[in-house]
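K.L.:
Below is the sequence, then the predicted model.
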Amino acid sequence: MTTTTLAVLVPLLPFLGAAAGLLLGRTAPGFVRPLAVLPTLAALAPAVIVAVRQGGNAAIDSATELTPTGSVPVELALHIDGFAALVAVLVGFVATCVQIYSTGYLRDDPRYPSYAALVSLFTSAMLLVVYSGDLIVLLVGWEVMGICSYFLVGHYWETPEARAASMKAFLVTKLGDVPFLIGLFALATDAGSFRITKVLDTVASGGLHHPTLIALLLLAGVAGKSAQFPLHTWLPDAMAGPTPVSALIHAATMVAAGVYFVARLLPVFEASSAAMVVLAVMAAVTMAGSGLAALAQDDIKRVLAYSTIGQLGYMTGALAVGDRGAAVFHLLSHGAFKALLFLAAGVIIHASGTNSLAAMSRMGNLRARVPDAFWTMTVALLALAAIPPFSGFFSKESVLGAAEHAATEHTSHIPGAAGWIVLLAGLLAALLTAAYATRLWLLAFHGRGVEAPDHGRQPVAMNAVLWVLAVPSLALGGLAYRVLPGWFDGRDLTPTLTTSVLGTGVALVGGIVTYGAWRQTTALAARAPMGAVAAHPEGDAGLVEAEAIASHTAVYGDVASAPDPADPGRLLLGPLHRHAASGFHLDAVYGALFVRPVMAAASLVRFLDREVVDTYVRGAGTLPRLLGAAVRRAQTGNLQTYVSALLAGTVVLTVAVLLVATGA
């Protein structure tokens, strides 16, 4: 079978599985789980074969005209280079793990058939984005992912949080998609084609007339899909959906699409120095802000959501310094350990029998209760914190190394400022990442919160997937930097000494300082009675914890149910904690700048429609109604009345005629 045929099967098989699952979900429930797992697993096999055959060689291109447009043609095209081949393997691998995991996690969910079908459709759409060689076909997959995320995030639609989160995710990403679509049309107009190869040829020949405008328009869509500042606010709220959905969205599909798109069209962005600086600033703000926000979250899934935003910031930072190899390397590494983190969190939540234990401050005695989740999440957190020899170290180091090179070795298309911005922000983010990863590990597995009822050992499918994902989280980085440079434009991915020492050093500092803060807050919380808190002198380190204990007791009503106040994040962030916990009030800012004016305008339009337009409409109908009422009153049905009126009319007409004749 040819490579092109195999590539076509990769997105087609999950699509067929989704269609069959939707058709047979209710009539043949016994086929639901096989239809969820087997098509995705079957798609992984040809994706691996395509990657092996491609092997980092020249890109595989194939195209046929999809429809005549009369101007710029739309083609059903494949463009498979090393990046596409590897990302497709990641998507298929993570999606298969999520589908297998979901058979246990949602085994009693009545809406599992539609859920599984939507996950398959989501996977198919992302694979279409990865392999597509035509920007319009890519856009189709891009938008299908948006609608799938709407339904999957809102899976628990009975809860207002899920309904609001799904709507917010849809609207915020669509806000970015509008300029993205305009940018695609402008790009195709300059290039005369939607084909990616022709667009890149146009850029190489200097035929792009509006590079800065096009790049900035496209970046708006990327910011929405990949949850980058300022369109990142939808992703933490999207945690209202099932945990396996979070793993899929964060690790391999929707949020990866924006980074992958920029990597594929990086020469378009490199044609504008201003766009590269904007991309660097966007990445820097995203990395720093998300790290601070993650350090203040109590919900374990929201910590991981902000973590995803920050790690995506690393990827966009690598792209801002012109190294798409480092960006895709971190995308692959991150996909493995972030999927593991979310699925391990799902085991913790599943073990409690409710989502209430997603709050880390209320977790207690979980290390012994969920040993599989404990050990595998420990591996994933070490990879997230970029501690050698775990995979995150090698991929994050490639980003920092690329930033250092751009900062010190000036090139014609990469501003030196972009390199320094990404390098400094990346080191700060490494410190914060290690801090919130350590905090999560301590609170989740060594906390002293209320212990939930033991619901028994978790399904084998869930625990098995954790160990499968632990392998690439541990070994992928060390293997990839030796084996895969051919897939990454031939760039050497070997860690450099300077950034390796700096990155690992700040990560260790972040972890050690957080551990010390946890020990201090634990000791203070152990000495302070939960119900009555003594006053602390101004400036005392226990003041923050005293206020936390009092507020928690007031909220939860009694000492036993109050969360554990031994939270090092409060001590480390101090007065900044309240702002970081709310995402630095960006939702409130957007509400004041956009939501309230739109709502006010809508109220004004409604008032004008009801009180002005409807008044004229009602007035236009009143006169005919009154005339009709008068005519209706004259129709009495009395023959004598009609004859009398006829005679009276005759007399009046006769008199009028005589008067006219006399006057003449």
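P.N.:
Looks like it arrived, so ask away.
K.L.:
make it CA atoms for all contacts and neighbour counts henceforth
P.N.:
OK.
K.L.:
Give me the pLDDT value at Val72.
P.N.:
Val72 carries a pLDDT value of 85.
K.L.:
Skipping its backbone neighbours, what lies nearest it in space?
P.N.:
Among residues not flanking Val72 along the chain, Ser193 sits closest, at 5.4 Å (C-alpha to C-alpha, 6 or more residues apart in numbering).
K.L.:
host element of the one you found?
P.N.:
Taking DSSP states H and E as the definition, Ser193 sits outside all helices and strands.
K.L.:
For burial, what's the neighbour tally of it?
P.N.:
Neighbour count for Ser193, taken as other C-alpha atoms under 10 Å: 21.
K.L.:
For it, list the residues it contacts.
P.N.:
Ser193 is in contact with 72-74, 199, counting by C-alpha atoms under 8 Å, 6 or more residues apart in numbering.
K.L.:
Out of these, which is nearest to Ala566?
P.N.:
Nearest to Ala566, judged by C-alpha to C-alpha, of those is Val199 at 55.1 Å.
K.L.:
Any buried residues in the helix or strand the closest one falls within, and which?
P.N.:
In the assignment (DSSP H and E), Val199 maps to helix 196-204. Buried residues in helix 196-204, counted by 16 or more other C-alpha atoms under 10 Å: 196-200, 202-203.
K.L.:
Quick one: these as JSON lines, columns for distance to Ala480 too.
P.N.:
Formatted as JSON lines, those follow (distance: C-alpha to C-alpha, whole Å):
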{"residue": "Ile196", "distance to Ala480": "27"}
{"residue": "Thr197", "distance to Ala480": "27"}
{"residue": "Lys198", "distance to Ala480": "30"}
{"residue": "Val199", "distance to Ala480": "30"}
{"residue": "Leu200", "distance to Ala480": "27"}
{"residue": "Thr202", "distance to Ala480": "32"}
{"residue": "Val203", "distance to Ala480": "30"}
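K.L.:
In JSON lines: those, plus distance to Phe269 and pLDDT.
P.N.:
Below are those laid out as JSON lines (distance: C-alpha to C-alpha, whole Å; pLDDT from 0 to 100):
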{"residue": "Ile196", "distance to Phe269": "14", "pLDDT": "94"}
{"residue": "Thr197", "distance to Phe269": "15", "pLDDT": "93"}
{"residue": "Lys198", "distance to Phe269": "16", "pLDDT": "93"}
{"residue": "Val199", "distance to Phe269": "12", "pLDDT": "94"}
{"residue": "Leu200", "distance to Phe269": "11", "pLDDT": "94"}
{"residue": "Thr202", "distance to Phe269": "13", "pLDDT": "94"}
{"residue": "Val203", "distance to Phe269": "10", "pLDDT": "93"}
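K.L.:
hang on, the earlier thing: the residue nearest to Val72 and Val130, how far apart?
P.N.:
Applying C-alpha to C-alpha, to the nearest Å, one obtains 19 Å for the distance of Ser193 from Val130.
K.L.:
okay, and for the protein, where does confidence drop off?
P.N.:
Applying pLDDT under 70 to the chain flags residues 352-358, 364-365, 412, 448-456, 490, 526, 528-565, 664.
K.L.:
Let me see the ranges of the strands in it.
P.N.:
If DSSP state E is used as the criterion, the strands of the chain fall at 60-67, 74-80.
K.L.:
helices or strands next to the last one in the packing?
P.N.:
When you say that, I think you mean strand 74-80. strand 60-67, helix 112-131, helix 135-153 (3 or more C-alpha pairs under 8 Å, 6 or more residues apart in numbering; DSSP states H and E).
K.L.:
Pull out the buried members of the contacts of Ser193.
P.N.:
73-74, 199.
K.L.:
can these go into a markdown table with extra columns for distance to Pro46?
P.N.:
Output for the buried ones among the contacts of Ser193, formatted as a markdown table (distance: C-alpha to C-alpha, whole Å):
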| residue | distance to Pro46 |
| --- | --- |
| Pro73 | 29 |
| Val74 | 26 |
| Val199 | 28 |
